[in-house]
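Student: Predicted model and sequence below, questions to follow.
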Protein chains: 2
Amino acid sequence: MNSRTPGSGATRQERKQRTRQALLDAALLLLEQQSFSSLSLRQVTRAAGIVPTAFYRHFEDMDELGLVLIDESFRTLRAMIRAARADPRTYEHIIHNSVQILVGYVHEHDSHFRFIARERFGGVAVLRHAIRGEIRLFASDLATDLARFPYLDRWGTEDLQLLAGLIVNAMVSTAEAILDAPPQDPSAEAEIVTTARRQLRMITLGVPQWHSSEGHDSRSSPAAPSRPTVTASSADTAASRLHDSP
Amino acid sequence: MNSRTPGSGATRQERKQRTRQALLDAALLLLEQQSFSSLSLRQVTRAAGIVPTAFYRHFEDMDELGLVLIDESFRTLRAMIRAARADPRTYEHIIHNSVQILVGYVHEHDSHFRFIARERFGGVAVLRHAIRGEIRLFASDLATDLARFPYLDRWGTEDLQLLAGLIVNAMVSTAEAILDAPPQDPSAEAEIVTTARRQLRMITLGVPQWHSSEGHDSRSSPAAPSRPTVTASSADTAASRLHDSP
DNA sequence: GTAGTCTGTGAACAGTCGTACACTGACTGA
DNA sequence: TCAGTCAGTGTACGACTGTTCACAGACTAC
C-alpha cells in the first residue's frame, strides 16, 4: 500500500507535518514579541518560509492555529504537573520543589508560558475561553492531588477547589513574574522565587485553621465568633506537614 | 487677556480638551472588544468623529494615548482604594467590605479594569511596564495600610509587602474573574465573590502563624523543625481580628 | 480690526493585510 | 507505468493601515 520511501525527503505526510510544525514554531517565536491579535497570517508564513496562501493547506484560520498552540502549550504544563507529582520527596520540601519545577519549566518552555500569559486576557475571545477552561481543569487536578494529603483528605471538594485555586493563582502569578523579570538578572528572579515560596507557605499556614462549615457564609453570624475548634497542637502539626522543614 | 467667550462653543482649549477626551473614550470603548495592539489609529479617530490626521493634534503616538489610558484607569483604582480606606467599619467585616467595594468599582468602571487586565501581559511593552509599575505601587500602598493593623504593626516591611502581594494577587484575580463572568448571570458572579472572600480569609488565617525570621530561607534548617512559637490562643485572637466576625 | 495661531479637513502616498484563483510538479497508489 | 492527489507557488484583488502635506476657517491676542 504505502511504499514509504525512506530516502531523501521522507513521505508526503511527514513533510506536511513538518511544515505545519514550522508554522506553529514560527508563530510561537513571533508571539514572544507581540500579541496574537496583531500577528498576521503573512508574518507567520514568511517566518516559516512558505507562501501566504499555502497556510490554508494546514489551518483554516489563524484562530485554529492559535487553538493548536494553546493545546501544545498546555501539554507542556501537564508534563510539568506530572513531573511535580512524580517527585518522590512529596510531603517534604513540597513547596520548595514545586516552585523549583515551575521555574525550570518556565525557562525551558518560555514561549509556551509567555503565549498563555499574554492571551489569557488577550483580545481574541476564543483563545481566552480555551485557556480559561484549561486552567480550571488544572485547578481541579490539583484539588484531587491535595485530597491525598493527610488532614486535607477530610476536606470537602469545594474547599479543596478553593485551596487549589489559591495555589494555582500564586503559581500563575509567579510564572508571569518570572517571564517579566529582567532576563539576565539572577537576583531579580531569585527574589521572585523566594517570594513565591513564602507566599505558598503563608497560604498553607492558614490551612489548619480552615473549617469548611464556618466559611460558607462569611457575612453571617454577627454574634457568634465561631472560631476554629481545632486544637493548637493539631493545627501546628498539620501546618508543618505542608512545610519545607522535613 | 483671554476673552473667554462663554457662549456657544466654549473656548478653544476646552474644545480641544473635549475632542481629546472623545479620542480616549472612543479608544476605551473599542478596547472592550479588542486588544490595544490591534487597535488602529484610524479606528479611534473614526469612532471619535474626527479625521485620522487630526489625531496628531492630541497625541504623538498610539502608545502615548495608551499610556494616558493607563493613567486614567489607575486613577479609578486609586479612588477605589481611597473608598476602601475611608470605610469606617475597618477591622470589622474588612474582607467582606473590600470585596464589595472591588465588585462595585469593577462594574462601574468596567472598561478601565478590562483594559488593564488585557494589557497587563499584552503585546505592547511600554504599556506592560507602566501597568506593572502601577501595580507594584499599589501593593506598597496596601503594605503601609496593613501596618496600621494590630499584630501586623510589628512586622517588617518585607513581610508586609509579601502579604500585600498575596492580597493584591487575589484581588486582581477576582477582578479578572468578574470581568470574564457571563454578563447577566448573577449566580456566577456571586460564586466568584464568595470564593474571593474565602480565599482572603484563608490567607489571613495564615497571618498569625507567620514569623518573619523563620521564613527567610525556606530550604535551610534541614533538621530543626522551627515551628511557630506563637501560642494557640494568641494566634486565634490575631486571626479573628482580620475576620468578618465582629 | 486685523494678523496670527491652531484644530480639523481632504487628497494622496507606500505598505500590509486576508483571500481567491489558476498553476506546477513531486509524491502516491493501483 | 500512469492518472490522480495535493503541498506549495505566483498573481491579483480590494480593503485597511500610518503618515505627509497643503489648506480651510474659527478662535485668540494685540
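Tutor: Okay, I see it. Keep in mind the model is a prediction, meaning the values are calculated, not measured.
Student: Tell me the helix or strand right after the strand or helix carrying A:F115.
Tutor: According to DSSP states H and E, A:F115 maps onto helix A:110-119. Using DSSP H and E, the next helix or strand after helix A:110-119 towards the C-terminus is helix A:125-146.
Student: And chain B, is that following helix touching that?
Tutor: Yes. Against chain B, helix A:125-146 shows contacts by CB under 8 Å from any CB of the partner chain at A:R128, A:R132. (C-beta placed from N, C-alpha, C; glycine too.)
Student: what's that helix in contact with?
Tutor: A:36, A:63, A:66-67, A:70, A:74, A:77, A:81, A:85, A:116, A:119-122, A:152, A:155, A:157, A:160-161, A:163-165, A:167-168, A:172, B:180 (CB atoms under 8 Å, 6 or more residues apart in numbering or on different chains).
Student: hmm, 6 Å instead?
Tutor: With contact meaning CB atoms under 6 Å, 6 or more residues apart in numbering or on different chains, helix A:125-146 is reached by A:63, A:66-67, A:70, A:74, A:116, A:119-120, A:152, A:160-161, A:164-165, A:168.
Student: re the thing from before, buried residues in the helix holding A:F115, which are they?
Tutor: Judged by neighbour count (16 or more other CB atoms under 10 Å in any protein chain shown), helix A:110-119 contains these buried residues: A:S111, A:H112, A:F113, A:R114, A:F115, A:I116, A:A117, A:R118, A:E119.
Student: out of the residues you listed, who's near chain B?
Tutor: Taking CB under 6 Å from any CB of the partner chain as the test, chain B is in contact with A:A117, A:R118 out of these.
Student: Restricted to buried residues, select the contacts of helix A:125-146 in PyMOL.
Tutor: Entered in PyMOL, the line below selects the buried ones among the contacts of helix A:125-146, by 16+ other CB under 10 Å:
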select buried, chain A and resi 66+67+70+74+116+119+120+152+160+161+164+165+168
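Student: Pull the helix holding A:F115 out as PDB, backbone CA atoms only.
Tutor: Output of helix A:110-119 as PDB, limited to C-alpha atoms (Å, rounded to 0.1, in the frame of the first residue of the first chain):
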ATOM      1  CA  ASP A 110       9.500  30.100  27.900                       C
ATOM      2  CA  SER A 111       7.500  30.900  24.800                       C
ATOM      3  CA  HIS A 112       4.600  28.500  25.700                       C
ATOM      4  CA  PHE A 113       4.200  30.200  29.100                       C
ATOM      5  CA  ARG A 114       4.600  33.600  27.600                       C
ATOM      6  CA  PHE A 115       1.900  32.900  25.000                       C
ATOM      7  CA  ILE A 116      -0.600  31.700  27.500                       C
ATOM      8  CA  ALA A 117       0.000  34.500  29.900                       C
ATOM      9  CA  ARG A 118      -0.400  37.000  27.100                       C
ATOM     10  CA  GLU A 119      -3.500  35.600  25.700                       C
END
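Student: and the two most separated of the contacts of helix A:125-146?
Tutor: The widest separation within the contacts of helix A:125-146, taken as CB to CB, falls between A:D63 and A:L152 and amounts to 39.9 Å.
Student: okay, the angle between the helix holding A:F115 and helix B:110-119?
Tutor: 180 degrees (axes from the mean of the first three to the mean of the last three CA atoms, to 10 degrees).
Student: send the alpha carbons of stretch A:147-158 over as PDB?
Tutor: Coordinates of each C-alpha in stretch A:147-158 appear next as PDB, following Å, rounded to 0.1, in the frame of the first residue of the first chain:
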ATOM      1  CA  ALA A 147      -7.000  15.300  48.700                       C
ATOM      2  CA  ARG A 148      -4.300  12.700  49.200                       C
ATOM      3  CA  PHE A 149      -2.600  14.800  51.900                       C
ATOM      4  CA  PRO A 150      -3.300  13.900  55.500                       C
ATOM      5  CA  TYR A 151      -5.600  16.400  57.200                       C
ATOM      6  CA  LEU A 152      -6.800  17.600  53.800                       C
ATOM      7  CA  ASP A 153      -8.300  14.200  53.000                       C
ATOM      8  CA  ARG A 154     -11.200  15.100  55.300                       C
ATOM      9  CA  TRP A 155     -12.000  18.300  53.400                       C
ATOM     10  CA  GLY A 156     -14.900  18.700  51.100                       C
ATOM     11  CA  THR A 157     -14.400  19.000  47.400                       C
ATOM     12  CA  GLU A 158     -15.500  22.600  47.400                       C
END
